[in-house]
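# 3D, please:
(chains A, B, C and D)
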Protein chains: 2
Amino acid sequence: MIMSPLIQTFVLHFGEMGSRWGINRTVGQIYALLFVSERPLNADEMADALGFSRSNISMGLKELMSWRLVKLQHLPGDRREYFSAPEDIWAIFRTLAEERRKREIDPTLSMLRDALMAKPATDAEKHAQARLKEMHDLIELTTDWFSDVQKLDSKTLAQLMKMGGKVTKLLEIKDRLLLGLGGKGPEEQETNG
Amino acid sequence: MIMSPLIQTFVLHFGEMGSRWGINRTVGQIYALLFVSERPLNADEMADALGFSRSNISMGLKELMSWRLVKLQHLPGDRREYFSAPEDIWAIFRTLAEERRKREIDPTLSMLRDALMAKPATDAEKHAQARLKEMHDLIELTTDWFSDVQKLDSKTLAQLMKMGGKVTKLLEIKDRLLLGLGGKGPEEQETNG
DNA sequence: CTGAATTTTCAGTAATTCTTGAAACATCTT
DNA sequence: AAGATGTTTCAAGAATTACTGAAAATTCAG
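Just a heads-up that it's a prediction; the model follows:
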């Protein structure tokens, strides 16, 4: 299979980026290729297109499967395994986030909690624990929030994001409501910009 | 300088995590050490505590400075350079996000935009471009949103995050307001839960 | 069951990235 | 300006990670 220059550029860039994020180049390229492909691909096609050995592709796919980032399917009358990336890019994003959480965030939080249980023996330890507490709380806050937000459907999520910093406007409105509906009316409508 | 077991565990874990995120172990450990330290440290102290060579520390610090993650200062009557991590952990988080954006997100967006300019020659390219557009939009949306939210002060940000998925409640209220203030009154107050 | 097709494993090699000591460089003190 | 102190650079060696081909394992058709 021959990749058009357009696709090739993307695949190469993505592989490069992957390697900056602790994902190996092969895996990044495989995923990029699957992501833009209009149909599922089998391992030989990928090996051919990317110029990697068959076994390298096999390992890359194994990795991607452990991340739940690829779907495996069979084509009628063909024994080979065909792979594809999910249609919904938000779903990809979520899966990535979930897996990363499970693999990296959770163990880190657990380590921090353990460290916080110990009785500080010195001033240095007391200070260190205070810092670890800050880190723990920040991580917990951001990931809990993230997992909450993640549960929203794509449409709501997009709507929310499009508002950007303007969510604060909503917070102000909320506060005003809670204060007993004093204050101003709906002239706050540019909130929707 | 001798690290207590508590600090050592943290430093080691952080170095390990770093290496999963494309940050080398030394750099991760240096930062962890600075993060929990109650006072600024000089390069020799770090080399000693972590068991790395002086030159390795020097390179690590250079890297951390390029990320704007450490502050350099001088102590009165001491010619050596002392380093520390910012007090405010949110500030650290923001800096990290900004730098990562500058280095990785922006170039990726630019590559995607370029790819989208090309006239698709084949069906495969047409499909690929549609996918790249999805990716471009997702990245742009999330990063724009992130940079907006990033500008909020820490307190507002924390407030927002503590709400988690409940922000949708705010959206509902907003929609109701925009629909001309029909609908219900302030009995929606559990929004604050 | 047999054998063809396909996939996975794995040990060895290749490539990359990390780490170091030595030398160069810089800055201060006298 | 010389010497002391401190920092950076860099080439080479060490360690890690990626990649491959060959062999083993699996799957399926007949």
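# hey, where'd the strands end up in chain A?
Ranges of strands within chain A are A:41-42, A:71-74, A:81-84, based on DSSP state E.
# How many residues are close by residue A:39?
10 (other CB atoms under 10 Å in any protein chain shown). Just so you know, the C-beta spots here come from the backbone N, C-alpha and C atoms, and that holds for glycine as well.
# who's in contact with it?
Counting by CB atoms under 8 Å, 6 or more residues apart in numbering or on different chains, residue A:39 touches residue A:84.
# number of nearby residues for residue A:77?
5.
# Report the rounded mean pLDDT for stretch A:84-100.
Across stretch A:84-100, pLDDT averages out at 94.
# mind checking how far residue A:73 is from residue A:41?
Residue A:73 is 11 Å from residue A:41, where distance means CB to CB, to the nearest Å.
# Would you mark the buried spots in the longest helix along chain A?
Ordering each helix of chain A by length in residues (DSSP state H) puts helix A:123-150 first. Going by neighbour count (16 or more other CB atoms under 10 Å in any protein chain shown), the buried part of helix A:123-150 is A:124-125, A:127-129, A:131-132, A:134-136, A:138-139, A:143, A:145-150.
# now stretch A:151-162
For stretch A:151-162, the neighbour count (16+ other CB under 10 Å) marks A:152, A:156, A:157, A:158, A:159, A:160, A:161 as buried.
# For that stretch, which outside residues touch it?
With contact meaning CB under 8 Å, 6+ apart, stretch A:151-162 is reached by A:88, A:90, A:149, A:167, B:141, B:142, B:144, B:145, B:165, B:167, B:168, B:171.
# For the fourth one, give me its contacts.
When contacts are counted by CB under 8 Å, 6+ apart, residue A:167 touches A:160, B:149, B:160, B:167, B:170.
# What about residue A:15, how many residues nearby?
Applying other CB under 10 Å, we find 21 residues neighbouring residue A:15.
# So chain A: which segments form each domain?
Domain assignment for chain A by automatic domain parsing gives A:5-84, A:90-151, A:154-193.
# Single out the most deeply packed of those domains.
Counting by mean count of other CB atoms under 10 Å in any protein chain shown, domain A:5-84 has the highest mean neighbour count of the domains of chain A, with a mean of 17.
# can you give me the end-to-end distance of it?
One end of domain A:5-84 sits 21 Å from the other (CA to CA, to the nearest Å).
# so how far is it off the chain centroid?
From the chain centre to the centre of domain A:5-84 is a distance of 18 Å (CA atoms, centre = their mean, to the nearest Å).
# any low-confidence regions in chain A?
For chain A, the stretches with pLDDT under 70 are A:164-165, A:174, A:176-193.
# 80 instead, please
Counting by pLDDT under 80, chain A has low-confidence residues at A:149-193.
# residue boundaries of the helices in it?
A:5-20, A:25-36, A:43-50, A:54-66, A:89-100, A:106-117, A:123-150, A:154-163, A:167-178.
# Against residue A:156, how distant is residue A:163?
Between residue A:163 and residue A:156 the computed distance is 11 Å (CB to CB).
# what does chain A put close to DNA strand C?
By the rule CB under 7 Å from any atom of the strand, the part of chain A lying against DNA strand C is A:19, A:42-44, A:54-55, A:58-59, A:61-62, A:78-81.
# closest to DNA strand D among the residues you listed?
residue A:55 (3.0 Å; CB to the nearest atom of the strand).
# picking up where we left off before, in TSV: the contacts of stretch A:151-162, plus distance to DNA strand D.
Converted to TSV, the contacts of stretch A:151-162 look like this (distance: CB to the nearest atom of the strand, whole Å):
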residue	distance to DNA strand D
A:88	28
A:90	27
A:149	31
A:167	38
B:141	30
B:142	26
B:144	31
B:145	31
B:165	36
B:167	38
B:168	39
B:171	42
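# My guess is residue A:54 contacts residue A:42. True?
No: Residue A:54 lies out of contact with residue A:42 (CB atoms under 8 Å); the separation is 10.6 Å.
# Let's have the domains of chain A in a markdown table, adding distance to residue B:14.
Formatted as a markdown table, those follow (distance: least, CB to CB, whole Å):
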| stretch | distance to residue B:14 |
| --- | --- |
| domain A:5-84 | 14 |
| domain A:90-151 | 8 |
| domain A:154-193 | 30 |
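# quick one, which of those domains is nearest to residue B:94?
The closest of the domains of chain A to residue B:94 is domain A:90-151. By CB to CB, the value is 11.3 Å.
# Make CSV out of the helices of chain A and add distance to residue B:33.
What follows is these, written out as CSV (distance: least, CB to CB, whole Å):
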stretch, distance to residue B:33
helix A:5-20, 24
helix A:25-36, 31
helix A:43-50, 41
helix A:54-66, 32
helix A:89-100, 25
helix A:106-117, 14
helix A:123-150, 10
helix A:154-163, 36
helix A:167-178, 36
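# And those helices: which comes nearest residue B:12?
Shortest distance between residue B:12 and the helices of chain A, using CB to CB, is found for helix A:106-117: 9.6 Å.
# contacting residues around the closest one?
A:129, A:132-133, A:135-136, A:139-140, A:143, B:6, B:9-10, B:13, B:17.
# Residue B:120: which of these is nearest?
If you rank these by distance to residue B:120 using CB to CB, residue A:143 comes first, at 39.3 Å.
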